[in-house]
Every structure is written in structure tokens, then in C-alpha cells.
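Colleague: 3D model of this:
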Amino acid sequence: MKIRTATEKDIPQLQKLGLNAYGQFETVLTNDNWIKLHSILLSEKTYPELLSKSTCFVWEENNEIIGMAFFISKGNPTDIFHEDWSYLRMVGVNTEHTGKGIGRKLMQLCIDHARQTGEKFIALHTSEFMNAARHIYESMGFVQIKELEMRLGKMYWLYVKEL
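Modeller: As a prediction, this is how the structure comes out:
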């Protein structure tokens, strides 16, 4: 087992992991919404854009990336995240390795990194179909502060943790 930061050479493995980790939601989305999510996961832009503005922590076993979490520092606002917040994106674990605490450990690594780099807040968004993830976030001190507009035909919420 090895935890490290991802580089551009990891993009094919990150894409493969994204398809595996988020592919489990195909059955809870409508076909049209699954096609939208699938196209994001397969897009040639998704992972290079995320890597260009984040620190991506990965969990590697036997030279295979089985967990990932993208930490984005403040100063990168979106329609969801404030300019003075850091935030997390694409936290995912290979479905063959869920339940081992990998996601929680990657999340904690991101929180620790946020504190070390002087961040005041760390945020994330999650959906009604990500119950296991929501449980982890809430147990780690993230607080739901807002219901977001529906995405992919599902409810989403904004969570924030003060550091």
C-alpha cells in the first residue's frame, strides 16, 4: 500500500477508477443522466482540468490506483463553492476495496493538508444516492448547509467543515 499525489501520467488509471467507483450509480440514474455522468467520467478534459488546480491524493496497491481524492484550495470558486473555501472533488474507491476505510483515510489526508496550508473551510457536495459517502462526511464533521439544485435528476447538498 502506498499513498502519494497523482501526476498526469496517472490520468488513465484515474479515469478507470472513476468509471469503476461511480459506475455503481448507473442503476440509480435514468439512462439519460447516466449517459451525462458517463461522458464526464470519460471526457479527456475531466482529469487534466482537475489535476491542474488540485492536489490529488491516491491510494495505490500493487501499482494500481484504487482510491482517489482531489483537494482544491481556495481561490477556485465554482457555482457551488465560495472563493474562500477549499473543497473536495471525485473522492472514489474501487468497488472491490470499499469498506476498508480507504475513502475515510483519503478524506482525512485532504483535511490535514487543508489545515497545513492555512485553509479555513473545506467543502464538498454529495447526492441522495451516495448514502455511504454522506455517512462518512457527517461522521468527519462536515455539516450540510444547503440543498443544491438537482443534478443528474437527483437531490444534492452542500457540506462544509470549518477547520
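Colleague: what are the buried residues along the helix or strand of the chain with the lowest mean pLDDT?
Modeller: When the helices and strands of the chain are scored by mean pLDDT, DSSP states H and E, helix 131-139 comes last with a mean of 92. Neighbour-count burial for helix 131-139, counted by 16 or more other Cβ atoms under 10 Å, picks out 133-134, 136-137. Using the backbone N, CA and C atoms, a C-beta is placed for each residue, glycine as well.
Colleague: next, format the residues you listed as TSV and append distance to Val28.
Modeller: Listed next are the buried residues of helix 131-139 as TSV, based on distance: Cβ to Cβ, whole Å:
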residue	distance to Val28
Ala133	13
Arg134	14
Ile136	18
Tyr137	19
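Colleague: quick one: low-confidence ranges for the protein?
Modeller: For the chain, no stretch has pLDDT under 70.
Colleague: and for the helix ranked longest in it, what's in contact with it?
Modeller: The longest helix of the chain (DSSP state H) is helix 102-116. For helix 102-116, the surrounding residues in contact (Cβ atoms under 8 Å, 6 or more residues apart in numbering) are 3, 55, 57, 59, 66-69, 71, 73, 86, 88, 91-93, 122, 133, 136-137, 140, 161, 163.
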